[in-house]
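Chemist: just the structure for this:
(one chain, ligands or ions: 2)
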Amino acid sequence: MKEKYREEINKIYNALYNSDISFYYLDEYNFEEEVVDPFKEKYKGSFSWDSGATKGVLIFKQFDFVIKIPYTTCDGDDLVGAIVKNDDDCWNYCQAELERYERACQLGIQDAFAEIDELFDLPNGFPAYIQKFCDTCAYSYSVNQDYIEEVSITNSKNSYSLLDELWENTLYTEKGKDFFCKVKEFIKTEDINDLRRSNIGYLKGQPVLIDYAGFDY
Ligand SMILES: Nc1ncnc2c1ncn2[C@@H]1O[C@H](COP(=O)(O)OP(=O)(O)O)[C@@H](O)[C@H]1O
Ligand SMILES: [Mg+2]
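Modeler: Residues are numbered from 1 along each chain as shown. Ligands and ions are numbered 1, 2, ... in the order given. Below is the predicted model of the structure:
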């Protein structure tokens, strides 16, 4: 994925490094001001952005990828962030996604996950990640079809699960019951607990999870 977009990635990298972005303490409330606005000043191309509770996302739809930036936090005066876990305050949700993607690959179910890869280090020393661009289900309507209740991911033990039934249905029909059940099992064993419409989507028409880091309450 990285090689295909190398030229654009270099431009993005330069824009990030030539801007006044401090990247110090990033969260959902300052991502726009700290990253998006200064980046906009330097980057000549078009992009959009989004941010959830754990990552900021720069979206380059025309190039079919997004860049995910894990939020950081401070431990006293020290900036902390880019590890999967050391204490409650420093989950790197992007790294958590990457490690899950690798385990999904080992099980042969990676097609249900938007591919993610480490990209480059940001000026704060923590990595940014690249992921395939997907259409999210956030604003789609759930179609109440006659899909198979007993295998539904929605019915699996998920703390707040509001999956799109059409999405599940498509995964089931396109990939078959075995694949579907493996994905469902993976979601359970990995405790991917925050599946809702803004965290799932379609990649070239195929249903994929786009935020499978879960949420560490
Ligand atoms: N691969 C992607 N393609 C398109 N949009 C994405 C992608 N990944 C994330 N987004 C957008 O960014 C939002 C936040 O990203 P997400 O990975 O869900 O982070 P968070 O853990 O903060 O919720 C998503 O809800 C979605 O709208
Ligand atoms: Mg999310």
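Chemist: what secondary structure does K2 sit in?
Modeler: coil (DSSP: H, G, I helix; E, B strand; the rest coil).
Chemist: count of neighbours near the nearest residue to F31 once chain neighbours are set aside?
Modeler: Nearest residue to F31, sequence neighbours excluded (CB to CB, 6 or more residues apart in numbering): G56, at 3.9 Å. The way it works is simple: take the backbone N, C-alpha and C, and place the C-beta from them, glycine included. G56 is flanked by 23 other residues according to other CB atoms under 10 Å.
Chemist: so which elements touch the helix or strand where G56 lies?
Modeler: Using DSSP states H and E, the element containing G56 is strand 55-60. Secondary-structure packing of strand 55-60 (3 or more CB pairs under 8 Å, 6 or more residues apart in numbering; DSSP states H and E): helix 6-17, strand 48-51, strand 65-70.
Chemist: what's the closest of these to ligand 1?
Modeler: The minimum distance between ligand 1 and the helices and strands packed on strand 55-60 falls on strand 48-51, with 3.5 Å, by CB to the nearest ligand atom.
Chemist: for the closest one, packing partners?
Modeler: strand 55-60.
Chemist: partners of the strand it packs on in the sheet?
Modeler: strand 48-51 (antiparallel), strand 65-70 (antiparallel) (DSSP bridges).
Chemist: can you give the contact residues for it?
Modeler: 8, 12, 26, 28, 31, 35-36, 39, 45, 47-51, 66-71, 93-94, 133, 211, 213 (CB atoms under 8 Å, 6 or more residues apart in numbering).
Chemist: now do 7 Å
Modeler: 8, 26, 31, 35, 39, 47-51, 66-71, 93-94, 133 (CB atoms under 7 Å, 6 or more residues apart in numbering).
Chemist: show me what secondary structure element comes after the helix or strand bottoming out on mean pLDDT in the chain.
Modeler: The weakest-scoring helix or strand in the chain, judged by mean pLDDT, DSSP states H and E, is strand 78-80 (a mean of 49). On the C-terminal side of strand 78-80, the nearest following helix or strand under DSSP H and E is helix 93-106.
Chemist: which outside residues touch that following helix?
Modeler: Looking at helix 93-106 with CB under 7 Å, 6+ apart, the contacting residues turn out to be 54-55, 68, 70, 82, 84, 110, 113, 115-116, 118, 129, 186, 190, 212-213.
Chemist: separation between whichever residue of the chain sits closest to ligand 1 and C134?
Modeler: Residue nearest to ligand 1 within the chain: G52 (2.2 Å; CB to the nearest ligand atom). The gap separating G52 from C134 is 14 Å, by CB to CB, to the nearest Å.
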